[in-house]
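[1] Need a 3D model of the following:
(2 chains)
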Amino acid sequence: TQLLEQSPQFLSIQEGENLTVYCNSSSVFSSLQWYRQEPGEGPVLLVTVVTGGEVKKLKRLTFQFGDARKDSSLHITAAQPGDTGLYLCAGNYNQGGKLIFGQGTELSVKP
Amino acid sequence: DAGVIQSPRHEVTEMGQEVTLRCKPISGHDYLFWYRQTMMRGLELLIYFNNNVPIDDSGMPEDRFSAKMPNASFSTLKIQPSEPRDSAVYFCASSPLAGGYTDTQYFGPGTRLTVL
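    Just a heads-up that it's a prediction; the model follows:
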């Protein structure tokens, strides 16, 4: 059974602080995606990483894929209250349509 | 496009009753996924379809759960009989192209099911 472990599970910070969320597995991913979910809504894709060592930036968000394609991180610089939400990583192991989701990181950014 | 449409948005029912959740995927998307989200287990894939054909139902918890996709624009997830432990938010998602591993999944707003 493939498992994706996210850490931390909960994170409460002040506006302007930086943070990093981690996603780890013992299995190699074909690709990894990060989604963000707001209360009462479905997850929305932020980014897809495919190549080991790949780094992608989306404004204040930086996503990194580990060299061995077993782990990933999401770094937010100068967090804002609008960043509050549930961040989910999702891995694809077999190049099919099926994704395995991590448990999520609940982020709260206080003004 | 209106996005993935799910109905109802909220469902409250009593144990033993039949529950039917509905989903209309984004037009032109070949893949449709049903997920269940709870605090304890997170987001779990229940079943997914490709071109209306079920591909992987290994996540369906038990025989009380069934899913159908009679055509490209409609899918149902049925629970019969329902139990309190089925209480969760159920999401439908659809994906374009041929299920490539970089495809985006577009999620609906979810159906919050409460079984009393």
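
[2] Tell me how many other residues crowd the nearest residue to A:Lys110 once chain neighbours are set aside.
    In space, A:Lys110 comes closest to A:Gln14 once its chain neighbours are excluded; the distance is 5.5 Å by Cβ to Cβ, 6 or more residues apart in numbering or on different chains. Bear in mind the C-beta positions are built from the backbone N, C-alpha and C, glycine included. Neighbours of A:Gln14 under the rule other Cβ atoms under 10 Å in any protein chain shown: 10.

[3] sec struct for A:Glu17, please.
    coil (DSSP: H, G, I helix; E, B strand; the rest coil).

[4] A:Pro81 is in contact with that one, correct?
    No: counting by Cβ atoms under 8 Å, A:Glu17 does not reach A:Pro81; the two are 11.8 Å apart.

[5] Now for those two: what residues contact both?
    A:Val109 (Cβ atoms under 8 Å, 6 or more residues apart in numbering or on different chains).

[6] burial of A:Leu32, as a residue count?
    Neighbourhood size, A:Leu32 [other Cβ under 10 Å]: 28.

[7] partners of it in the sheet?
    A:Val49, A:Gly91 (DSSP bridges).

[8] and it, what does it touch?
    A:23, A:48-49, A:65, A:69, A:72, A:89-92.

[9] what helices or strands is the worst-scoring helix or strand of chain A on mean pLDDT leaning on?
    Every helix and strand of chain A was ranked by mean pLDDT, DSSP states H and E. The lowest is strand A:100-101, at a mean of 90. Other helices and strands packing on strand A:100-101, by 3 or more Cβ pairs under 8 Å, 6 or more residues apart in numbering or on different chains; DSSP states H and E, are strand A:85-92, strand B:42-50.

[10] so how far is B:Leu45 from the most centrally placed residue in chain B?
    Nearest to the mean C-alpha position of chain B, by Cα atoms, centre = their mean, lies B:Trp34 at 2.8 Å. Note on B:Trp34: its distance to B:Leu45, by Cβ to Cβ, to the nearest Å, is 8 Å.
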